[in-house]
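K.L.:
here's my sequence, what's the structure:
(one chain, ligands or ions: 4)
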Amino acid sequence: MRKKITLLIMSCLFYMNGYSQTPFWSDSFEDTGSPTSGTRSAPSAFAVNNNGSRVFNIASNADLSIVGDAAQGVTYSYIGADGTKFWAGEDTDNGVTPVTIANVLKTVTWTIDISGKSNIKLKGLFAAGNTTNTPGAYENTSTSATIDYMSMQYSINGGPIQDLLNFYPLANVSSRLYPDADFDKNGDPAATPLSNTFTEFIGNINGTGTTLTLYMNMAMSGSAEEVAVDNLRLVEIASCVSPTAYNVTGTNSYCAGGSGVAVGLSNSETGVTYQLKNGTTDIGTPVAGTGSSISFGNQITAATYTVVATRTVGGCTNNMNGSAIVTITSPPAVPTVSTTPATCSANGTASIANYSAYFGCFGFGYNSTAIGCTGCTDCIDNCGYMLG
Ligand SMILES: [Ca+2]
Ligand SMILES: [Ca+2]
Ligand SMILES: [Ca+2]
Ligand SMILES: [Ca+2]
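P.N.:
Ligands and ions are numbered 1, 2, ... in the order given. Presented below is the predicted three-dimensional model:
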């Protein structure tokens, strides 16, 4: 039950972020519930020893002795772990000499069911305990027996092992540990190096299958070369279906002082919200699709209105067809009547000027205010008289 509640909360958080990311697995290295499914295997793990300066295992800050950087005033502990425990790596050869790649490289392996999943991403928190800048502690030089690095890899259904996330020192020097997004085994100098505050990184898992094998590698040859990982998560990114383009409706004009023109959309989809816009400016709040036509209400401002649709799941958008052009016309002149009196030989005549324009604009009625025409009381009196 606890897991279900946790997953529900995470789903809500992702939803609020505007993405459709469904978490389906995690490992936070806590005593219970980690990992949430599948298996974690670490036959090369060893207990924290050497006063906390050798470790390849689950640990908490109380177990460790990390360097930090006194000059920067950095706290000598990892900051921002999820819960209290995480996986720590430090002096991962565990004191075995000589230091070789085989001795120093330690790996955690997970086996996870990914049946039916696609567009999978790995998320996780990564940190490096030693934040000394010059010279950095992590070696990437030909004179060093081994290169200090941390990486995540994966394979699907036992296929080739592929890179997922890399953290390496800069090329040919000793430095801090940097993200290596191009996987050339050199830290990327433009990136921000890892610090003792856990930072989230995301890697793409390409392909689909039934079994994902996830690898976490740490190769740290010294007691001042320190890394930590926490809260690994797998999320499935829902593909987004572009909203259908419907027609913007409501092109019309109204008389100045009137109540405006109703602007809407000829049809709509549920699961999509529709934002009315005047240029780049949002007008009002988004209207939820209903499966039929929707209205954005009467628009007073003369403008060309457009509509942008956004699908709730996935967040992709689409422009609706056309626009609604609202214009304002000036009130026509009040109708006038001219008459000729009857004589013995002829009937009198009466004619009304500007009749069509006026009533085409304001409509018929004795109370023009009720139909949106203000300041025309005289006209109505005249009209009533004339029509009577
Ligand atoms: Ca944790
Ligand atoms: Ca240490
Ligand atoms: Ca690189
Ligand atoms: Ca080293």
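K.L.:
give me every residue in this protein lying close to ligand 1.
P.N.:
Within the chain, the positions near ligand 1 by Cβ under 5 Å from the ion are Ser28, Phe29, Asp82, Gly83, Lys85, Phe86, Asp230. Bear in mind the C-beta positions are built from the backbone N, C-alpha and C, glycine included.
K.L.:
can you select the buried ones from those in ChimeraX?
P.N.:
Typed into ChimeraX, the next command selects the buried ones out of the residues of the chain next to ligand 1 (criterion: 16 or more other Cβ atoms under 10 Å):
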select :28,29,82,85,86,230
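K.L.:
strands - which of the residues of the chain next to ligand 1 land there?
P.N.:
Within those, membership in strands is found for Phe86, Asp230, as judged by DSSP state E.
K.L.:
ok, so of the residues of the chain next to ligand 1, who is nearest ligand 4?
P.N.:
When those are compared for distance to ligand 4, the smallest value, 21.1 Å, is given by Phe86; criterion: Cβ to the ion.
K.L.:
with adjacent residues omitted, what lies nearest to the closest one?
P.N.:
Asp230 (3.6 Å; Cβ to Cβ, 6 or more residues apart in numbering).
K.L.:
look up how far Ala190 lies from that neighbour.
P.N.:
Taken as Cβ to Cβ, to the nearest Å, the spacing of Asp230 relative to Ala190 amounts to 25 Å.
K.L.:
then Cys316?
P.N.:
According to Cβ to Cβ, Cys316 and Ala190 sit 30 Å apart.
K.L.:
neighbour count for the two, which is higher?
P.N.:
Cys316 (15 against 8; other Cβ atoms under 10 Å).
K.L.:
one step back: would you confirm that the residue nearest to Phe86 contacts Phe198?
P.N.:
Yes: with contact defined as Cβ atoms under 8 Å, Asp230 counts as touching Phe198 (5.9 Å).
K.L.:
common neighbours of these two, please.
P.N.:
By the contact definition Cβ atoms under 8 Å, 6 or more residues apart in numbering, Asp230 and Phe198 are jointly contacted by Ala81, Asp82, Phe86, Leu125, Ala127.
K.L.:
now the strand or helix carrying the last one - C-alpha only, CSV.
P.N.:
Per DSSP states H and E, Ala127 falls inside strand 120-128. In CSV, the C-alpha atoms belonging to strand 120-128 read as follows (Å, rounded to 0.1, in the frame of the first residue of the first chain):
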residue,chain,number,x,y,z
ILE,A,120,12.0,4.9,-21.2
LYS,A,121,14.3,7.3,-19.4
LEU,A,122,16.5,6.7,-16.3
LYS,A,123,16.5,9.4,-13.7
GLY,A,124,18.8,9.5,-10.8
LEU,A,125,20.7,11.6,-8.2
PHE,A,126,24.4,11.7,-8.6
ALA,A,127,27.1,13.3,-6.4
ALA,A,128,30.9,13.5,-6.0
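K.L.:
which two in the shared contacts of Asp230 and Phe198 are spaced the farthest apart?
P.N.:
Considering Cβ to Cβ, no two members of these lie farther apart than Asp82 and Ala127, which are separated by 11.6 Å.
K.L.:
the residue of the chain found nearest ligand 4: neighbour count?
P.N.:
As assessed by Cβ to the ion, ligand 4 sits closest to Ser221 within the chain, at 3.5 Å. The tally of other residues near Ser221 (other Cβ under 10 Å) stands at 21.
K.L.:
for the one 4 residues further on, same thing?
P.N.:
The number of residues packed near Glu225 is 29, by other Cβ under 10 Å.
K.L.:
list the contacts of it.
P.N.:
By Cβ under 8 Å, 6+ apart, the contact list for Glu225 reads Glu90, Asp91, Asn130, Ala137, Tyr138, Glu139, Asp148.
K.L.:
among these, who's most crowded?
P.N.:
Within the contacts of Glu225, neighbour counts (other Cβ under 10 Å) peak at Tyr138, which reaches 34 neighbours.
K.L.:
show me the contacts for it.
P.N.:
In this structure, Tyr138 makes contact with Ala128, Asn130, Asp148, Tyr149, Tyr168, Pro169, Ser174, Ser175, Arg176, Leu177, Met220, Glu225, judged by Cβ under 8 Å, 6+ apart.
K.L.:
the fifth one touches Gly136, doesn't it?
P.N.:
If I follow you right, that is Tyr168. No: under the criterion of Cβ under 8 Å, Tyr168 is not in contact with Gly136, lying 11.3 Å apart.
K.L.:
now do the shared contacts for these two.
P.N.:
Common contacts of Tyr168 and Gly136, defined by Cβ under 8 Å, 6+ apart, comprise Leu177.
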